[in-house]
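Enquirer: here is my input; please provide its structure:
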Amino acid sequence: MNEPSIPRDQPLRGIVLMLAALACFSCSDAASKLITATLPAVEVAWLRFCVFTLLILGAARMTGQERPLQSHRPVLQTLRALGLLGSSIFFIMGLSLLPMAEAAAIAFISPMIVTALSIPILGEVVGWKRWGAVVVGLLGVFIVVRPGAGAFNPAAMLPILSAISWAVALVVTRKMRGSDGPLVSLTYAAIMGLLVTSALVPFTWVMPGWREIALGLVTGIVSTIAQWLLILAFQQTRASVLAPISYSQLVWSGLLGYVIFGNVPDRWTLVGASVIIASGLYNAHRERAVRMSPGPAE
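Expert: Numbers count the residues shown, from 1 in each chain. All right, here's what the predicted structure looks like:
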């Protein structure tokens, strides 16, 4: 059987899909934070993966795909699924203890990890100017977290762990580009997440009410849509192009955090987020310049 051909890069389409995916992820996170007021994080993740699995298996049946787990790269699919699972659980745990904007800002260490992993795993070239932007973005994360300060919250480590897991999933997604269709990747993520959370949830089980079940449906449906859009985005262009676009989620998280929870980001969160966004925008500018230039990457 011949493997699917790798399509040409379409950066604009990839960016639009990425923006839509991040908006959906923020909405799903807001619903998850609402549920964590009464349910433990593992159970919230389990509800999300229950809905995720039902939707994906239903989609596979409707499209006539009888073997949605048949993959050209099963090991990479499993690694990607575990990365997404870790990202989901750690971030939901962080949301239960931190304001949305702060958790999202801290989690944006992930594009920096993506940039670093893109070199050994994807063979992408990242020059010193873009590395400088990564360092500046990392400083922005430290401004938000403020380690060693009296305001430091140990819960800030949870979004960092989520970011590491997320970065692994993103790079593996790009590594598999052209190998499998979106439905295969989504099925792996759904079933792996459901199996692991089903093994963990009995240890923290709390009987959910109708409100929690309804919110679980919302977070499951919206996060599934976000996953689909994310895979489509990474099939269109390079990881280093899409990584800076991730910063747009800061805007959504801050807005939803204020509207739904009344959380107003403090000045350090705003300063740190501004530094992170600035570094991301510069990285995007350098990526465009490198693509247009025949010389070595900077």
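Enquirer: pretty sure residue 153 contacts residue 94?
Expert: No. At 9.8 Å, residue 153 does not count as touching residue 94 under the criterion of Cβ atoms under 8 Å. All C-beta atoms are positioned from the backbone trio N, CA, C, and that covers glycine.
Enquirer: higher neighbour count, these two?
Expert: The neighbour comparison of residue 153 against residue 94 (other Cβ atoms under 10 Å) goes to residue 94, with 29 against 15.
Enquirer: list the buried residues of the helix or strand where residue 60 lies.
Expert: Residue 60 is part of helix 41-62, with elements assigned from DSSP states H and E. By neighbour count with 16 or more other Cβ atoms under 10 Å, helix 41-62 contains the buried residues 41-56, 59-60.
Enquirer: and stretch 89-108, how far from the chain's centre?
Expert: 12 Å (Cα atoms, centre = their mean, to the nearest Å).
Enquirer: alpha carbons of that stretch, in CSV - could you do that?
Expert: Only the C-alpha atoms of stretch 89-108 are listed here, as CSV (Å, rounded to 0.1, in the frame of the first residue of the first chain):
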residue,chain,number,x,y,z
ILE,A,89,-5.1,16.5,32.7
PHE,A,90,-2.3,18.8,33.9
PHE,A,91,-4.0,21.9,32.4
ILE,A,92,-7.4,21.0,33.9
MET,A,93,-5.7,20.6,37.3
GLY,A,94,-4.1,24.0,36.8
LEU,A,95,-7.4,25.6,35.9
SER,A,96,-8.9,24.4,39.1
LEU,A,97,-6.3,26.3,41.1
LEU,A,98,-5.4,29.3,38.9
PRO,A,99,-7.2,32.0,36.9
MET,A,100,-7.7,31.2,33.2
ALA,A,101,-5.4,34.0,31.9
GLU,A,102,-2.6,33.1,34.3
ALA,A,103,-2.8,29.4,33.5
ALA,A,104,-2.8,30.1,29.8
ALA,A,105,0.1,32.5,30.0
ILE,A,106,2.2,30.0,31.9
ALA,A,107,1.3,27.3,29.4
PHE,A,108,2.7,29.3,26.6
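Enquirer: pick out the residue closest to the middle of the chain.
Expert: residue 166 (5.1 Å; Cα atoms, centre = their mean).
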